[in-house]
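*Asks:* Could you look at this predicted model? Sequence included:
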Amino acid sequence: MRITRILDTVFETKVGWNPSTGAIKPVHIANGLFRALTHRQYNTEDVVSFAVPGKKGEPPMRDRTFEAMVLKTEDPRLKAFAAPGLEVRFERLREAVRGVLAADKAVFPSASNSALTLTCQQMISADDMDKHVGEFMAALLRGPEDDGLGALARLLLAQMDTGDGVNVPRDPISFLAWPLLSQEPKHLERDDGRPMLFENKALAPFAKHLIAASDALAAHEEAQGNRLATLQRGVQFVCLAVIAHAQALAAKGKLEKRNPLLLVTSAPKGSRLAIASERSLLRFYEAFEDWLGLELGERIRKGQPVATVKDAKHPSPAQKAPDSLNRNSVRAWLRTFADAKGNAPDADLIESRMSLFEGALAEYGKDNVPDVLGAAAAACYFEEYSGGGPRPFLQGIGKQVGLIFPQAQGRSQEKRIKPSVQTLDVLVKSCTPIGRSVPFDEFLHNMWHRFGIVVQGELDGASAHDQLLEVGIDVSPTDLKENREAIIEHLVEIGLARRYPDNVAYVGRFDA
Amino acid sequence: MAGSAEIVRTLYKSITSCSDHHTDRVIKQIHIPTPVDDAIVLGANKNKVVIVTGNPGDGKTHLIRRVRDQFPKSLRHDDAVKTDANELEDADIVEAIGSALEKRRGLILAINEGILLEICEKHRERLPWAAELADRILRPFIYGEDTATGRPKIVLLDLNLRNCLGPTVAGAALEKLLDLVEDDEDSSSSMAENAKRLRHPVVQERVLHLLGSIGQTGFHATMRELLGFLSYLIAGGVEADQESPHYAQNAFGLGQGALFDRVRELDPVRMPMPFLDDALWNCTDTPADWEVTDPGEYRQPDDRDAFISRKRRALFEHRKGRDIIRLDQHAVEREFTKLKNSSHSPEQAAIHLINNFFKPGATAESLILWTYHQYSVRPIRHLVSRQAVRAQDLRVAVPRLPEALAKAFRDFQPDHVVLHHKDMSPAEGLVIDRRLVRMLKEGDRSMGLGSRNLEAQKKVAGFFDRLARHASDQQVVSILRLDSGIENQIGVDLVSKNYFIPGG
């Protein structure tokens, strides 16, 4: 078994989704979520063929040239372009359609590996890059009842159901793509089992808060008329929920023990607040990784194999974990895991793994054999899985959805919690009731409970300052107060808050 | 009157303090009567609960103390008049209001808006009057054909709505302070000199023009800020034994505060007037060019300091000085004025503004509902549309005050308008204020950049979301590429499921 697969069973049995790729995008989650909600997928070959002539930088594929698509096949849908002189217009239109349907940069020549920037159910493809996030979150949105359907799930489903072959969705993108969309769904099996999240009693408070957040968002969305915006915000919410779920898991469901994520808005790079926010994000990753290591240790404690999933590229199973921390036994055990490419580990790699073992030993002590072994194996996974694993996965989602800044890859290694305007909008809608604004502190309270995000102030009997200090982040109350002011100012600017003298601010939608 | 000039001088210094430190005599001397006084007294005489609210410095306590002697006898005791309810416990305030309403007793209460709102929101579920008050604080205006319904049990006078920079209030305040300086034989010679200059009708009109221009931009100045500014104008913020600079220099000098900052933005030195500037720089002007002459003025060609002080004086005293500050020279003000002008199709002005935000050169016949769709946060490259709303189906509503308040706040200046569909409540419309106008205007300077102004984009997109259900669908889809400005159009025939070329 490759080292990069050893956490798969923990992901499957304890997490519910597989955070193993750094290339995840919200559009993948959208595709997976809507597939899981509707239990349908479609053949998107026609629309992908039209939008993507071929691989980037290469000439069009033979069956996707203007000649093949318009002149030779005489496809009635595209016949209008058959008149002389319309080839340029045809190509321009293709480019424009590609710009719209591949706006999230996840559409490739192969339709089954493409996730369209979907606007209706007929765009749901077989692409599984969401790594089960869609299924998991669909279950969460459905709610704890076996046949239940939470408000947001019901709303998203209703928005997806608008186009049934007779009634075409009103939005311009579905309308534009409609002639190219298949109307014959492949019906998928329903997984009617009780969702894993609701089986885990420790996570009940988290689930309750997240359902409250999804209900609040749904209420806001029902009051507006742009279904595309609803789909967008629904998916953005799910992405934020994934991060919140990882936080709750790392705290074993004890919400007050979560590693708080410090939200900043105006803090420039290098400022005390920016550094504190960056550290809060790092602590969160570390806490989640530590928890994964301990879950692996738990399997070892119970005598279970570290992973039960099959690894086609390196089928030989990992040996049973040693009973002691004897270095020779540990070395032999670590040697049974192939490297990321499936090759047997060389001497250097084994030495590197042993030094990670020594770190785990120092952390958990010689009396905790399973924990040390679990933590050591997990540390090897994190170290050797370049570009993959939980950290790049969570960071990828956070950046792409606009929670983590800077969003551009490679701009800066240090990332902080600095939401985009759209993400703040989702956070506000998920933390405030419809038709009424709430005091800023109530908003902060909800944001902490629902998303594990802090700004300043008292939360669960401890100040944000103390909570951050608890995880080794020392940011002064004065800085946090400044942070609060800056965030209120930003919310006021984008119309999501109103400020009054005497330190009074209200958050919500402010119209005329 | 001895000491009255000193009162004027210290008004600037007390800009950050409340009225508690003023004696009744001083309050009487510096009080600027406005129709709000009458509204309070009227409410008191009808045994109503009157809440005077606003920001710190708006003069709530001052106002109540000044008109208190006109209240009926039953309201002349401390239980019935709370000149600073900010100091009371929330429970005591709730009790006082609740009890006064129940027993139909009068109550006059001054409280900061934020604190009042917080109390009302906290008790919204339990106390109907609290919910009603909170809603009135959050939504004080009425729009279009709407009229205020019902007769509220509580008179809510929000001094935020008082335009202290309008000619009535600012004019009375200036007059009052000049009287105080002139009445005091012991006032310093420089203060007396400034007061004398400010007495000149042209100068007074220009001072009011300057302040009025700031008021028109939607800036709210408190009474304390206005008095502080006028005090500085006359006395220069200096100690009693020091000489004040010329009032025109004081106006744009080192005074501290939001109003001073706004005034400095209109410093004549920043406002080019080529011919006037040339004459002042080269000192080729003659006494005939001035409304008020100043033989002792420092004149020196090619001297920057001389030019600055002369240009500032010109605003108030030169024949062409009034033109130095013309808000219609500012694109944002010009646009905002169009939006407020109901006789010149403000709807088309609004459509033009928004359409151009997305695509320069767009027409103003109908509002095109551009939209985009993507799940990741990345620059938007394409916009799509197949919906539009005709100009005749849109309305631009200018906020008004309910009738009772309109009498109290006659100089009220709306700082926004609301664009909405005729079948939609203005509450769901797009609030267009100067800030949004500026962002929308900036958007059309360069191709597509407007769509990247996230704040404006969010506001407009939110409005489009609400407007979508009122829009008409078209068979032709437009796709706009933002970086090149190229717009592609394609028709979709839903019956045959084929594409067609529009107009082809």
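*Replies:* Noted; the coordinates are in hand. Residues are numbered from 1 along each chain as shown, chains lettered A, B, ... in the order given.
*Asks:* Look up phi and psi at A:R498.
*Replies:* Phi and psi for A:R498, reported as degrees, to the nearest 10, are phi -130, psi 140.
*Asks:* Name the residues linked to it by a beta bridge.
*Replies:* Partner residues in beta bridges with A:R498, using DSSP bridges, are A:Y506.
*Asks:* Can you give me the neighbour number for it?
*Replies:* Using other CB atoms under 10 Å in any protein chain shown, A:R498 is surrounded by 20 other residues. Where C-beta positions appear, they are placed from N, C-alpha and C, glycine not excepted.
*Asks:* same deal with B:F275?
*Replies:* So B:F275, with other CB under 10 Å, has 8 neighbours.
*Asks:* what's the answer for the one 10 residues further on, then?
*Replies:* Summarising burial for B:D285: neighbours were counted as other CB under 10 Å, giving 18.
*Asks:* And for the one 10 residues further on?
*Replies:* Around B:P295 sit 5 other residues, with neighbours defined as other CB under 10 Å.
*Asks:* could you pull out the helices for the stretch 401-512 of chain A?
*Replies:* If DSSP state H, counting those that start in this stretch is used as the criterion, the helices of the stretch 401-512 of chain A fall at A:421-431, A:440-451, A:464-470, A:477-493.
*Asks:* out of everything not next to it in sequence, what's closest to B:R262?
*Replies:* Counting by CB to CB, 6 or more residues apart in numbering or on different chains, B:I214 is the residue found nearest to B:R262 once chain neighbours are left out, at 4.9 Å.
*Asks:* For that neighbour, give me its contacts.
*Replies:* Neighbouring residues of B:I214 by CB atoms under 8 Å, 6 or more residues apart in numbering or on different chains: B:165, B:221, B:259, B:262-263, B:266.
*Asks:* Deepest in the core, which of the helices of the stretch 401-512 of chain A is it.
*Replies:* The highest average neighbour count among these, using mean count of other CB atoms under 10 Å in any protein chain shown, belongs to helix A:421-431 at a mean of 24.
*Asks:* which secondary structure elements does it contact?
*Replies:* The elements that helix A:421-431 packs onto, with contact taken as 3 or more CB pairs under 8 Å, 6 or more residues apart in numbering or on different chains; DSSP states H and E, are helix A:204-222, helix A:227-250, helix A:440-451, helix A:477-493, helix B:454-467.
*Asks:* okay, and for chain A, where does confidence drop off?
*Replies:* For chain A, residues meeting the criterion pLDDT under 70 lie at A:146-147, A:162-166, A:191-195, A:315, A:317-318, A:409-412, A:510-512.
*Asks:* Burial check on A:A376, number of neighbours?
*Replies:* Using other CB under 10 Å, A:A376 is surrounded by 28 other residues.
*Asks:* wait, isn't it in contact with A:L356?
*Replies:* Yes - shown here, A:A376 and A:L356 form a contact pair, counting by CB atoms under 8 Å, at 5.6 Å.
*Asks:* Can you check which residues contact both of the two?
*Replies:* By CB under 8 Å, 6+ apart, no residue touches both A:A376 and A:L356.
*Asks:* B:R68: what's it in contact with?
*Replies:* B:76, B:81, B:108.
*Asks:* what's the answer for B:F336, then?
*Replies:* B:F336 makes contact with B:434, B:437, according to CB under 8 Å, 6+ apart.
*Asks:* residues near the closest residue to A:V428 other than its chain neighbours, how many?
*Replies:* Using CB to CB, 6+ apart and skipping residues adjacent in sequence, the residue nearest A:V428 is A:L496, 4.9 Å away. A:L496 is flanked by 25 other residues according to other CB under 10 Å.
*Asks:* Am I right that A:L496 is in contact with A:Y506?
*Replies:* No - taking CB under 8 Å as the definition, A:L496 is not a contact partner of A:Y506, at 9.9 Å.
*Asks:* Now do the shared contacts for those two.
*Replies:* By CB under 8 Å, 6+ apart, no residue touches both A:L496 and A:Y506.
*Asks:* And the residue of the stretch 201-350 of chain B that's closest to chain A?
*Replies:* As assessed by CB to the nearest CB, chain A sits closest to B:T222 within the stretch 201-350 of chain B, at 10.1 Å.
*Asks:* Which single residue of the stretch 151-300 of chain B ends up nearest chain A?
*Replies:* Residue nearest to chain A within the stretch 151-300 of chain B: B:N160 (9.5 Å; CB to the nearest CB).
*Asks:* who does the nearest residue to that residue once chain neighbours are set aside bridge with?
*Replies:* Closest residue in space to B:N160, ignoring its immediate chain neighbours: B:G54 at 5.1 Å, by CB to CB, 6+ apart. Beta bridges link B:G54 to B:N112 when assigned by DSSP bridges.
*Asks:* and B:G54, how many residues sit next to it?
*Replies:* Burial measure for B:G54: 24 neighbouring residues, criterion other CB under 10 Å.
*Asks:* which residues touch it?
*Replies:* B:60, B:112-113, B:158-160, B:162, B:222.
*Asks:* farthest-separated two in those?
*Replies:* B:N112 and B:R162 (15.0 Å; CB to CB).
*Asks:* In stretch B:197-208, which residues are buried?
*Replies:* B:197-198, B:202-208 (16 or more other CB atoms under 10 Å in any protein chain shown).
*Asks:* Over to stretch B:39-57?
*Replies:* Within stretch B:39-57, the residues that count as buried by 16+ other CB under 10 Å are B:39-44, B:47-57.
*Asks:* same thing with stretch A:4-20?
*Replies:* Result for stretch A:4-20 [16+ other CB under 10 Å]: buried residues A:4-12, A:14-20.
*Asks:* same thing with stretch B:74-82?
*Replies:* Buried, per 16+ other CB under 10 Å, within stretch B:74-82: B:75, B:80-82.
*Asks:* Let me know the average pLDDT across that stretch.
*Replies:* Averaged across stretch B:74-82, the pLDDT comes to 86.
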